[in-house]
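>>> A predicted structure for the sequence below; I have some questions about it.
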Amino acid sequence: MAPLDGPCWRCDSLGFWGGCAANRFPDQCDANPDLARNVNVEATKALAEATLSRDILLIYISTDYVFPGRPGEAPYEASMQTEPPNIYGQTKRDGEIAVLETTKGTGKGVILRIPVLYGSANSNSDSAVNVLIDAVQKAQDANAQVKMDDWSVRYPTNTEDVGRVCHDIAVKYLGEQDKAGSLPTILQFTSEDKVTKYEICKRFAEILGLPLSGMERVKQSGTPGEGVQRPYDTHLSTKGLRELGIPVDTQDFVAWWYVAVLSNDHV
């Protein structure tokens, strides 16, 4: 199976494609909504049509940002009403709709919603989690005043675990084609590791043996009208996967990063 650091990956032996061409940066989507729609919706629709014409199962990687993430609402079940808080979430939700409409009744299209990811990458900037290592390094300057969110909660999930779940979904769905019409079309996967970005930075600092003297905790939500609106808590329910018998366990965040830092495998 191809690595998870590109727009999509495939497993030819099983006959499925995972992922999709996507702009996954909320700030970029907000700055250029037309481009975001072309990539996250139109390209997704074209890919769904192409895979369907070749009788290939498409696993469309979506996001927890299809939900509003208001305090007290999570965890969100896959069947719950979506209400994206920003353009990124809106275009990913519309990408979901494009896949479901294109593959309706065929059993060849599945949505997999996931949260923020971490793992091996070409650059730390490829991941909203990995890039926090750079913030920790910058915070070694006591006067750096690196502001870090300590309000919204996230559930960082390893890309290797996502790859394994995609494999398990493909095995299940391609192995039960006679039941394709009755299998769920929207699934969700996440770790249960609840942390803020500041708490992630603290973990990195401990792993690296560094202080955070130049980092400032931000304990409130962003100012309305300034920047992209981000949710407080979009924790996903994994009930659908568990009912299918697909394991939802994930790697330990700190243990993975200790190995990654020692082997320099995070970039």
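Sure thing, it's come through. Residues are numbered from 1 along each chain as shown.
>>> from memory residue 88 sits against residue 63, does it?
Yes. Residue 88 lies in contact with residue 63 (Cβ atoms under 8 Å); the separation is 7.4 Å. Glycine gets a C-beta too; all of them are placed from N, C-alpha and C.
>>> Where does pLDDT dip in the stretch 101-250 of the chain?
Residue ranges of the stretch 101-250 of the chain with pLDDT under 70: 222-229.
>>> Do a quick rundown of the strands in the stretch 51-200 of the chain.
57-63, 109-114, 117-118, 146-149, 157-158, 186-188 (DSSP state E, counting those that start in this stretch).
>>> looking at those, which is closest to residue 219?
strand 146-149 (8.8 Å; Cβ to Cβ).
>>> The closest one packs against which elements?
Here strand 146-149 touches helix 132-138, helix 197-208, strand 215-218, going by 3 or more Cβ pairs under 8 Å, 6 or more residues apart in numbering; DSSP states H and E.
>>> For those, give me CSV that also has distance to residue 166 and mean neighbour count.
Formatted as CSV, those follow (distance: least, Cβ to Cβ, whole Å; neighbours: other Cβ atoms under 10 Å):
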stretch, distance to residue 166, mean neighbour count
helix 132-138, 25, 19
helix 197-208, 24, 19
strand 215-218, 34, 17
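>>> Adding distance to residue 249, write these out as CSV.
Listed next are these as CSV, based on distance: least, Cβ to Cβ, whole Å:
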stretch, distance to residue 249
helix 132-138, 24
helix 197-208, 20
strand 215-218, 31
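>>> Which one, of the ones you listed, ends up nearest to residue 98?
Closest among these, using Cβ to Cβ: helix 197-208, at 31.0 Å.
>>> So which residues make contact with that closest one?
Outside helix 197-208, the residues that touch it by Cβ atoms under 8 Å, 6 or more residues apart in numbering are 129, 132-133, 135-136, 139, 148-150, 152, 154, 156, 195, 211-212, 215, 217-218, 253-254, 257-258, 261.
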